[in-house]
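**Q** after the sequence you'll find the predicted model.
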Amino acid sequence: MTARTVLTIAALTLQEAARRKVLRSLALLTFALLGLSAWGFTRLDAEFGGLTSGEARLAASAVLNLVMFGLSLIAALGTAFLAGPTLAGETESGIALAMLARPVRRSAVLLGKWLGLVTFGSGYVVLAGLAQLLIVRVTMGYWPPRPVTGLALLAAQTAVLLTLGLLLSTVVSPMASGVVPVGLFGATWIAGVVGAVGDALGNSGVARVGTVSRMLLPTDGLWRGAMNAFQDPSVLAQFGVAFEGHPFLSETGLTPAYVGWAALWVALVFGLAALAFQRRDL
Amino acid sequence: MTGQATRQEAAQRALAGLPPSAAVWCSGLHKRYRRRTAVDGVSFTVERGEVMGLLGPNGAGKTSVIKMLLGLVRPDAGEVLLLGRPARDPYARARVGYLPELFRYQPWLTAAEVLALHVRLAGVAVPAGERQEGLAAVGLGDRAGDRVGGFSKGMQQRLGLAVALVARPELVILDEPTSALDPLGRADVRDLLLSLKARGVAVLLNSHLIGEVERVCDRVVILDKGRVAAAGTLPELLGQRELRLRLDRVGPEARARLAAAGRLTRGGDAYTVTLPAELDDAAVPDLVADLVGLGVRVHAVEPGRISLEERLLDILRTGPSEERS
Ligand SMILES: Nc1ncnc2c1ncn2[C@@H]1O[C@H](COP(=O)(O)OP(=O)(O)OP(=O)(O)O)[C@@H](O)[C@H]1O
Ligand SMILES: [Mg+2]
């Protein structure tokens, strides 16, 4: 009974994403970004044909990560604005009344939503990310060392954000539950940059800003792991010190402990969301 | 935890031993929204196959009671059994259809897809043909493939009715099912209710259209300020009957005879006698024969019931205290 509910709602959520304008706007934004980056990469190659291979790889890594950041931002915006309204909007409009009066557990409905959204977000990130990697490959001849890990981490980042959006949508209005995660996503990213600068300067107080924010909301940590997977490992070894604190290059990969924490974080936040949704009067 | 589990098991065993369970049984429902008490100790039963009306003024707590029955709102206190199962168990709602007061369905789905979704959530297998018939029964037969987002308000309410009825329910809970419908639609709903009644489906109907309630309901519960102000079958509630007569040449003896039959009011040649409920069928012909015997000329004799509307207003104005039953 529960599995059927979860799958039905997940399919419904995907159908909603496909039929609403979210998908069209996402596709448009993505094409714009991919087109721009393709153009940029061909220019980079043409203008700086004289770059040493090390410099070219550095440039490719940094620009690739920049564009990937753009993609992850689009994914974050897209899923957050899908996750928020889908639950908060349904309780507000009354769509949830008829559905939840069926023999379904609310936690199963929530899990179905989550599953649908994760599928949608991950599918988007993987497809758009792969397209981007191919563009870099064609224009610059660069292929990242661990593309699968990188894309998986980007997908995980999306999952973290939309879980937060789901939690918020059980307690606040549809609009707020879309805006707040995106805001927090940006704030953690900035905190991460600040922390990296602190690291570079050897100021442990400033560095702690990044560490703490990365624990509170694991999007930035996962993002740094993804960057690390996309960039050429020889680059940092070569140019090391000069690029410490660079927002689009990351010195370290992810520890399994951190990935574990991110998974636990998602489970905890989902549990909270299920609890809040269960107790809610419709 | 285990103590609670064994207690639940014991309760379930006790329930299993009972005679056929009611469609709805609720006891001592309480609900407060912040400081405001919305529902204050409501208990009632809807038997299987019975159509019960839930009446009361705006804000009486009708919708809140309905939502507590369906687990959409958590009661602060009280117990609910649906079709014999505790309402905490979602499966209790497997055979329950519901039309919310605020009826909205996924605007990006077509009418047919909304029905398919609800059938899947209910966990029953209803063939597409039967679902299409359900749409046709509410007058949406030719709109099955259209997106719900493009439906008018009344069409959405009709769709809501189809959704409530699609999964072969044994209990249907309708919260103001005709609030957005045209007169034709209201008549359709009345026929629909009567056909449900004929099929033995229990119905809990909340409506402000008293004529509707009076025509289809077996029993009525009247809520006021979150409490049950009155409850009972229609004859019980309406009790008294009236007899309106147009007479002349009424002498003192005839007047005494009339007064003996019931409470007498007079305006010109129109006399109204309020007859007690337990009067037998011969009482009216006997009265007329006696009047004629006393030389009264009888122009018209018109039996009338006190309407549910008059009774409702009476109950709500005089207050609930002496009306509890
Ligand atoms: N979500 C809510 N938050 C706060 N108060 C509520 C909420 N829902 C209902 N109430 C209050 O509970 C009381 C009963 O409301 P309810 O909707 O049950 O009335 P009703 O009998 O269905 O009225 P109507 O005939 O207008 O539909 C009202 O005083 C209302 O203000
Ligand atoms: Mg109401």
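**A** Thanks, I have it. Ligands and ions are numbered 1, 2, ... in the order given.

**Q** on the pLDDT front, check A:Thr52 for me.
**A** pLDDT for A:Thr52: 64.

**Q** ok, now A:Val241?
**A** With respect to pLDDT, A:Val241 scores 51.

**Q** what of the one 3 residues further on?
**A** For A:Glu244, the model assigns a pLDDT of 55.

**Q** burial check on residue 254, number of neighbours?
**A** You didn't pick a chain, so chain A it is. 20 (other C-beta atoms under 10 Å in any protein chain shown). Bear in mind the C-beta positions are built from the backbone N, C-alpha and C, glycine included.

**Q** wait, chain B was what I had in mind.
**A** 19.

**Q** let's verify it: helix, strand, or coil?
**A** What DSSP: H, G, I helix; E, B strand; the rest coil gives for B:Ala254 is helix.

**Q** how near is it to ligand 2?
**A** When distance is defined by C-beta to the ion, to the nearest Å, B:Ala254 is 50 Å away from ligand 2.

**Q** how about that residue, what does it touch?
**A** Contacts of B:Ala254 were listed using C-beta atoms under 8 Å, 6 or more residues apart in numbering or on different chains, and they are B:Leu247, B:Leu291, B:Leu294, B:Gly295, B:Val296.

**Q** torsion angles phi and psi at the third one?
**A** Right, the one you point to is B:Leu294. Dihedral pair for B:Leu294: phi -90, psi 10, per degrees, to the nearest 10.

**Q** that one touches B:Arg257, doesn't it?
**A** Yes: B:Leu294 lies in contact with B:Arg257 (C-beta atoms under 8 Å); the separation is 6.5 Å.

**Q** A:Ile9 contacts A:Val109, doesn't it?
**A** Yes: between A:Ile9 and A:Val109 there is a contact under C-beta under 8 Å: 5.3 Å.

**Q** the bottom helix or strand of the chain by mean pLDDT?
**A** This is for chain A. helix A:233-239 (a mean of 63; mean pLDDT, DSSP states H and E).

**Q** that's the wrong chain, I wanted chain B
**A** The weakest-scoring helix or strand in chain B, judged by mean pLDDT, DSSP H and E, is helix B:2-16 (a mean of 61).

**Q** how many residues are close by the residue lying closest to B:Ala125 once chain neighbours are set aside?
**A** Closest residue in space to B:Ala125, ignoring its immediate chain neighbours: B:Val119 at 7.6 Å, by C-beta to C-beta, 6 or more residues apart in numbering or on different chains. Around B:Val119 there are 22 other residues, counting by other C-beta under 10 Å.

**Q** list phi and psi for the residue nearest the centre of chain B.
**A** Nearest to the mean C-alpha position of chain B, by C-alpha atoms, centre = their mean, lies B:Gly53 at 1.2 Å. When read as degrees, to the nearest 10, the backbone of B:Gly53 gives phi -100, psi 140.

**Q** from ligand 1, how far out is it?
**A** Here B:Gly53 is placed at a distance of 13 Å from ligand 1 (C-beta to the nearest ligand atom, to the nearest Å).

**Q** again, but for B:His118
**A** Separation of B:His118 from ligand 1 (C-beta to the nearest ligand atom): 23 Å.

**Q** same question for B:Ala116.
**A** For B:Ala116, the distance to ligand 1 equals 30 Å [C-beta to the nearest ligand atom].

**Q** now B:Ala60
**A** Taken as C-beta to the nearest ligand atom, the span from B:Ala60 to ligand 1 is 4 Å.

**Q** quick revisit: verify the contact between the residue nearest to the centre of chain B and B:Arg215 for me.
**A** No: contact criterion C-beta under 8 Å: B:Gly53 and B:Arg215 do not qualify, at 10.1 Å.

**Q** do a quick rundown of the helices in chain A.
**A** Listed in chain order, the helices of chain A (DSSP state H) span residues A:2-19, A:21-47, A:53-84, A:90-93, A:95-100, A:106-140, A:147-171, A:174-201, A:204-216, A:219-230, A:233-239, A:256-279.

**Q** and for chain B?
**A** Taking DSSP H to define them, one finds helices in chain B at B:2-16, B:62-69, B:111-122, B:128-137, B:153-166, B:183-198, B:210-216, B:234-238, B:252-261, B:283-293, B:308-318.

**Q** near chain A, which residues of chain B?
**A** B:33, B:67, B:70-74, B:90-94, B:96, B:98-100, B:102-106, B:108-109, B:117-118, B:120-123, B:160, B:163, B:167 (C-beta under 8 Å from any C-beta of the partner chain).

**Q** mind giving me the PyMOL select for the residues you listed, buried ones only?
**A** Buried subset of those, written as a PyMOL selection, criterion 16 or more other C-beta atoms under 10 Å in any protein chain shown:
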select buried, chain B and resi 67+70+71+72+73+90+92+93+94+96+98+99+100+103+104+105+106+108+109+117+118+120+121+122+123+160+163+167
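
**Q** which of the residues of chain B next to chain A fall within strands?
**A** Per DSSP state E, strands hold the following members of the residues of chain B next to chain A: B:Tyr33, B:Val96, B:Tyr98, B:Leu99.

**Q** picking up where we left off before, which of the helices of chain A sits most buried?
**A** Mean neighbours per residue, mean count of other C-beta atoms under 10 Å in any protein chain shown, is largest over these for helix A:219-230, with a mean of 27.

**Q** where does chain B dip in pLDDT?
**A** Residue ranges of chain B with pLDDT under 70: B:1-20, B:239-240, B:277-279, B:305, B:319-325.

**Q** what residue in it comes nearest to chain A?
**A** Closest residue of chain B to chain A, C-beta to the nearest C-beta: B:Leu102 (3.6 Å).

**Q** please verify my assumption that that residue contacts A:Ala96.
**A** No: applying C-beta under 8 Å as the test, B:Leu102 and A:Ala96 come out as separate, 10.1 Å apart.
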